[in-house]
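A.B. asks: Below are the sequence and a predicted model; questions follow.
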Amino acid sequence: MTMPEEDANAVRALQSLANSNPSVRLRAALAVGTDPHARFVDGLIERCGVEPEFPVREALTWALTRHPSSLTVPKLVDELRSERAQARSQALHTLSKIGDRQAWPAITRALLTDADDEVARSAWRAALVLVPEGEEHALATVLATQLGRGEPATQLSLSRALVALGEVVMPILRAAMTDPDPRVSRHATATERLWRDPDAGFELAIGEATRIVALGATRQEE
């Protein structure tokens, strides 16, 4: 039996998403997004979990946003339980682009504190988009448990997330500024500085926070 032309084109498009040439994969993702159909959703999500090239992953996410959220969101939420860090991270990234708040319950504490930095950072960004009104304080409380974590890029991502939550974070930050762990207190102090002066720059804020924390430790020793 001959396969209908429409189905044959769909098969070719899905096969092209796994082509060894990244340019071919990019064109395939753009084509699928230009002419969306339910048959593409599973293949797009599966490819997101393994695609090595950032521009192609962005095109895959864009293609998914072109499909109805009623089709994509449940499948992306399922992907958050994947053992592959990239699958979790890209699913979170895509959910943040879709912006459907029905996905909010899936942004769990486990994801917000994921051991993989990229997954955690994606979860922070998704949480900012999806958090319902009134849940900001609870979210800020969980995010504050990650103060002091990781390299400067990760710390900057967390600071931006906390600052974006607004006034609700200030009591939480002030409490963290007195944490006995200097990494936590330094990061909290830098974040508070960024909240007051967003144009200060993170490196400057960290430098000032380091001096403040060191001065406080010296005074305690005296």
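C.D. replies: It's in.

A.B. asks: Which residue ranges make up the domains of this protein?
C.D. replies: Following automatic domain parsing, the chain resolves into domains at 9-22+34-130, 135-222.

A.B. asks: Please convert those to TSV, extending it with mean pLDDT.
C.D. replies: TSV is the format used below for those (pLDDT from 0 to 100):
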stretch	mean pLDDT
domain 9-22+34-130	96
domain 135-222	84
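
A.B. asks: for the closest residue to residue 181 other than its chain neighbours, what are its contacts?
C.D. replies: Spatial nearest neighbour of residue 181, chain neighbours left out: residue 148 (6.1 Å); criterion: Cβ to Cβ, 6 or more residues apart in numbering. Yep, even glycine has a C-beta here, placed from its N, CA and C like the rest. Residues near residue 148 by Cβ atoms under 8 Å, 6 or more residues apart in numbering: 155, 181, 183, 184, 186, 187.

A.B. asks: Now list the buried members of those residues.
C.D. replies: The neighbour count (16 or more other Cβ atoms under 10 Å) marks 155, 184, 186, 187 as buried among the contacts of residue 148.

A.B. asks: Burial-wise, tell me which of the domains of the chain comes out on top.
C.D. replies: Highest mean neighbour count of those: domain 9-22+34-130, a mean of 18 (counted as mean count of other Cβ atoms under 10 Å).

A.B. asks: didn't residue 140 look like it was pressed against residue 164?
C.D. replies: No. Taking contacts as Cβ atoms under 8 Å, residue 140 lies outside contact range of residue 164: 10.0 Å.

A.B. asks: tell me which element the spatially most central residue of the chain falls in.
C.D. replies: Closest to where the C-alpha atoms of the chain average out (Cα atoms, centre = their mean) is residue 122, at 1.2 Å. Element membership of residue 122 [criterion: DSSP states H and E] is helix 117-130.
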